[in-house]
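Participant: Here is a sequence together with a model predicted from it:
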Amino acid sequence: MVNTATRIDSYPSTTTNEQLGTEEQLTQIRPTADDPPPRLQKNAHLNFLVRNLMQGFPARFVSLDASQPWLAYWSLQSCYTLGASLDPNNKQRCIDTIMAFQSPDGGFGGGPGQTPHLLANYAAVCTLAIVGRPGPGGGWDQIDRKKMYNWFLSLKQPDGSFLVSQDSEVDVRGIYCLLCAAALLNLTTPELIAGTAAFIASLQTYEGGFACASHPYYFSKSSSFPPEAARPPLGEAHGGYTFCALASWVMLLPFLSHEPSGSRPSIDVKRLTRWCVQMQGSPAEVGGFRGRTNKLVDACYAWWVGGCFALLRGLGVGLSLPVPVHTDTDVPDEEEQWTDADDSLFNRLGLQEYILVAAQHPQGGLRDKPPKTADAYHTLYALSGLSSAQHRVSQSQEVKAKLRSEWRPIKASPTPESDTISQTVFTESRSWKEEEGSSEYLQGAADRVNAAHPVFNLTMTHVKDIMNHFYEQG
Amino acid sequence: MAKTEETGPLYAARPEWKDITPIPQYAENANPIAPIFYTEAYKDATDYFRAVVKAGELSPRVLELTESVIRLNPAHYSAWQYRYKVIVAINSPLAPEHALMNELATNHLKTYQVWHHRRLLLLLAAKRLSESKGEDKDAIALSPETELGFIASVLKKDEKNYHTWAFRQWVLATFFSPLSNLSSTLFSTSPMNEEEASAYRLSMLDDEIAFVESMLHADIRNNSAWNHRFFINFKLGTDVVMKSTHNVAEFDNEEKDIVGRELSYTKEKIALAPNNASAWNYIRGVLELAKIPFSSLTSFVLPYTRSHGQEADDDQIIDLDNPLPSSSSDLPAPPALEFLADIYERDAETLRSAEQSEQATVKEKLQKAIPIWRSLSEDHDVTRKKYWEHRIHIAQITCS
Ligand SMILES: [Zn+2]
């Protein structure tokens, strides 16, 4: 077997010392040929999740007090990814808990009485997508969408970005969270997203991945150069920010074609693809993903970076024109002409091995890497990452066409233009589909987890139900 | 009297808070999902915090209360936010606040809010200074230079802390860039004319290069430091970045010098550790920004694509522009192989887009890249097998 340990060039530094330490740890837990193959310990993980949901967290988890909707979302989405579901009583408990986080001024905060915050707001809306329902007490119709929309606008900055909360920082995670909530609740407008795609584009660094924010030079002096030239990214290319930037870009893309090509923002997809594949660790790192160049692998990047490949496929990466096979008589349609050149651009089985071997904690729940303890955040993103490695999800032109032809104008739409926008967001979001026969499992289908919607990280069913409600379809 | 170590007696037991009725998080009969079991001190402080927020009280005692909440939970963003509101409303002095932040930042490096709060304080100090025409002696205690010093001390301990680096870049872009209309000279005790200010700014950037060099000296693979180097050289409101983004003008000599200096610097670092992905990404970034073809580095790259003992004859000739890989490095280096294949692919693209392109020469170039990708996918970088196969596939489509 090829030795894939990191090459230190006889020139060690802190980075290689830590790297070799991690590789050593991973080697120790890797099963030998005599050990039983690693399987997904669904029951152990469900026990861990149910314990968190029902019994709660001890006082040392106080730092998550401002992230209460996240605790609910991570735990619930993990359960549904594992194929489990909640009984009606506990669903109602979740709805009531989340609704206590809604601010009287609109939007959801990190807990009762906390200021609304874009990150908390996403987690709250997603939790309601999972457990909520229409009607009294169901959560969905008790979301004050008008106030939430006005709150969104109050956070908007001249460079197209958004503060995560009043007087707070700009962070691309907040923008992703805002766009997701707007898409799920039918709140997208031209006014809301004006300039946002250009902001996202400004975050791409020379490495190809995306940074957290860029400097706006709000106070920019007049210059012969257009202001877009002077928006340096702040921070380096990073897996979490890259996922949020790319998913935002995918959501904004359908609206870019309306802009004149000269001023249309763009991103370097080739460089981004290269950066994403470079984040996957070697066999010595059991195929996990890292979040930055020369950092250690960590299970949560299984989703933050592993999840980027489905989004990249949405941008046409990995789809290429093969040698034509049709005869003169059959005219190919779009579907047949463009087929996948390869099943994926990353090592799907390698990533599954990392999750099964390194990320599972023996006592249930998933973790960054051994010897760390399991936590709710890593449990969800390791499972979502496993999902992105097991399944291939892509946008189906067929589904898109069907949704468009069945579209019924929304009664509440103020203008035909706003109805068109709603239709676009709806059909784009709902056309993601698990490709049949494309699943791959390291050990067997018993380890299957549900496919995740590549943009929202919800199950396809939950996206369908909540969007059908707010877009008055289905 | 009930007491807690960090924050003194419970607010419920303090006579000066008697007028406030605390608001519990949940109603008596609530049965929330995934609850946290708070300490008594935390429950007490946040119950009072909810009450003052609801009442809209902005006062010195609320400043103290938010400090208690923050000390118990530095991720409590609402407490930070309200604290800032109070500082502005009661015109609270900034120097003691800044001293408190130094203490909190050192203990809670990974918390977003500690860095954002410093940002707000610096902006507030700049505002108070410009309004007082430099007379505000309290605000002057905060300065971008002091800030850079503090950040440097933090980065020496936590070399890759994302927020700390991002904050450093924000300080530089806000106070040391010609594009910003805020300037660090606001904080200087003696007035400077425009020329002096500009010279001062440039000397600060030299110091910044020296700082990043010291970080890279400590760890040649610190990608945050490489990223920062790129930021200082090419992103800090210099003409280089604007020209490259908009193709409006040729680089002048000074800008060409920067590019040349960076290419030499990076080559030397690659020679020391040829498998360091950060350095390769950096050199790619410089070439792309300056629109220099990758093929200009062909003679530099070739020795890194061969095993030791397979040197070509001319590798032995000392060429100062193209340092050779250190003798104990691990060769061939996959990033060098990738780079060489990219040289061929890019050359093919250039030929293809040229007016009188010869299909045969395009093919020839691509056929030199394909075996390199194959060797990556089969031997040198098996993790990315699918990706290298994808690159081969694209090339084959172009050839057919
Ligand atoms: Zn992680």
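Facilitator: Looks like it came in fine.
Participant: If we ignore the residues flanking it in sequence, what's nearest the residue of chain B found nearest chain A?
Facilitator: Here chain B gets closest to chain A at one residue, B:Gly285, 2.9 Å apart by Cβ to the nearest Cβ. Where you see a C-beta, it was placed from the backbone N, CA and C, and this is true even at glycine. Distances taken as Cβ to Cβ, 6 or more residues apart in numbering or on different chains place A:Tyr206 nearest to B:Gly285, at 2.9 Å, with adjacent residues excluded.
Participant: Show me the strands in the chain, by range?
Facilitator: Unless you meant another one, I'm taking chain A. A:213-214, A:233-234, A:319-320, A:339-340, A:393-395, A:432-434 (DSSP state E).
Participant: Chain B, not that one
Facilitator: B:3-4, B:8-9.
Participant: Just to check, A:Trp304 is in contact with A:Leu246?
Facilitator: No - here A:Trp304 does not reach A:Leu246: they are 9.9 Å apart, not a contact under Cβ atoms under 8 Å.
Participant: Counting neighbours, go ahead and name the busier of these two.
Facilitator: A:Leu246 (30 against 23; other Cβ atoms under 10 Å in any protein chain shown).
Participant: Once you drop chain neighbours, what's closest to the more buried one?
Facilitator: A:Leu311 (5.0 Å).
Participant: and the one you found, how many neighbours?
Facilitator: Neighbours around A:Leu311, by other Cβ under 10 Å: 26.
Participant: and what of B:Arg168?
Facilitator: 28.
Participant: Excluding chain neighbours, what is closest to it?
Facilitator: B:Ile151 (4.7 Å).
Participant: Tell me who's in contact with that neighbour.
Facilitator: Neighbour list for B:Ile151: B:164, B:167-168, B:171 [criterion: Cβ atoms under 8 Å, 6 or more residues apart in numbering or on different chains].
Participant: thought B:Ala139 was touching B:Leu123?
Facilitator: No - at 10.7 Å, B:Ala139 does not count as touching B:Leu123 under the criterion of Cβ under 8 Å.
Participant: between those two, who's got more neighbours?
Facilitator: B:Ala139 (26 against 13).
Participant: And residue 29, what's its pLDDT?
Facilitator: In the absence of a named chain, chain A is used. A:Ile29 carries a pLDDT value of 92.
Participant: actually chain B
Facilitator: 86.
Participant: just to revisit the earlier point, going by neighbour count, which of the contacts of B:Ile151 comes out on top?
Facilitator: That'd be B:Arg168 among the contacts of B:Ile151, by other Cβ under 10 Å, with 28 neighbours.
Participant: In contact with that one: list those residues for me.
Facilitator: Taking Cβ under 8 Å, 6+ apart, we find B:Arg168 in contact with B:148, B:151, B:155, B:228.
Participant: do the same with B:Ser184
Facilitator: Counting by Cβ under 8 Å, 6+ apart, B:Ser184 has contacts B:143-145, B:175-176, B:200-201, B:204.
Participant: Just the buried ones from these, in PyMOL syntax?
Facilitator: Remark: buried members of those, expressed as a PyMOL selection using 16 or more other Cβ atoms under 10 Å in any protein chain shown:
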select buried, chain B and resi 143+144+175+176+201+204
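Participant: Looking at the contacts of B:Ser184, which two lie furthest apart in space?
Facilitator: The largest separation in the contacts of B:Ser184, counting by Cβ to Cβ, is between B:Ser143 and B:Arg201 at 14.1 Å.
Participant: Excluding covalently adjacent residues, which one is nearest to the closest residue to the ion within chain A?
Facilitator: As assessed by Cβ to the ion, the ion sits closest to A:Cys300 within chain A, at 3.3 Å. Nearest in space to A:Cys300, with sequence neighbours left out and distances taken as Cβ to Cβ, 6+ apart, is A:Tyr381 at 4.0 Å.
Participant: what ranges of chain A fall below the confidence cut-off?
Facilitator: A:1-2, A:218-230, A:320-343 (pLDDT under 70).
Participant: Show me the domain layout of it.
Facilitator: Structural domains assigned to chain A are A:37-144, A:145-470, following automatic domain parsing.
Participant: tell me which parts of the stretch 151-300 of chain A are close to the ion?
Facilitator: Counting by Cβ under 5 Å from the ion, the stretch 151-300 of chain A comes close to the ion at A:298, A:300.
Participant: residue ranges for the helices of the stretch 151-300 of chain A, please.
Facilitator: Per DSSP state H, counting those that start in this stretch, the stretch 151-300 of chain A has helices spanning A:172-185, A:190-193, A:196-201, A:239-256, A:269-278. These are given in chain order.
Participant: Name the residues of the second one that are buried.
Facilitator: Which is helix A:190-193. Quick answer for helix A:190-193 (16+ other Cβ under 10 Å): A:192-193.
Participant: which residues touch residue 90?
Facilitator: No chain in the question, so chain A it is. Per Cβ under 8 Å, 6+ apart, neighbours of A:Asn90: A:53-54, B:33.
Participant: not quite, I wanted chain B
Facilitator: B:58-60, B:63.
Participant: What of A:Leu234?
Facilitator: Contacts of A:Leu234 by Cβ under 8 Å, 6+ apart are A:211-215, B:166, B:169-170, B:173.
Participant: Bridged to it, which residues?
Facilitator: Legend: beta-bridge partners of A:Leu234 under DSSP bridges are A:Ala213.
Participant: Roughly how far does it sit from A:Lys433?
Facilitator: Using Cβ to Cβ, to the nearest Å, one gets 37 Å for the distance from A:Leu234 to A:Lys433.
Participant: Same check on A:Asp167?
Facilitator: Relative to A:Lys433, and taking Cβ to Cβ, A:Asp167 is found at 42 Å.
Participant: Kindly report the same for A:Gly139.
Facilitator: On the measure of Cβ to Cβ, A:Gly139 and A:Lys433 end up 27 Å apart.
Participant: what about stretch B:307-318, average pLDDT?
Facilitator: Rounded mean pLDDT across stretch B:307-318 is 74.
Participant: these two touch, right, A:Arg430 and A:Ser396?
Facilitator: No - proximity of A:Arg430 to A:Ser396 does not meet the contact threshold set by Cβ under 8 Å, at 9.8 Å.
Participant: which of the two has more neighbours?
Facilitator: A:Arg430 (23 against 17).
Participant: List the residues that contact the closest residue to that one other than its chain neighbours.
Facilitator: Once flanking residues are discounted, A:Arg430 sits nearest to A:Leu403: 5.6 Å by Cβ to Cβ, 6+ apart. Neighbour list for A:Leu403: A:426-427, A:430-431, A:473 [criterion: Cβ under 8 Å, 6+ apart].
Participant: Tell me which two of these sit farthest apart.
Facilitator: A:Ser431 and A:Gln473, at 12.9 Å, using Cβ to Cβ across the contacts of A:Leu403.
Participant: Number of residues surrounding the residue of the stretch 351-474 of chain A found nearest chain B?
Facilitator: Nearest residue of the stretch 351-474 of chain A to chain B, counting by Cβ to the nearest Cβ: A:Ala376, 8.2 Å away. A:Ala376: 25 surrounding residues under other Cβ under 10 Å.
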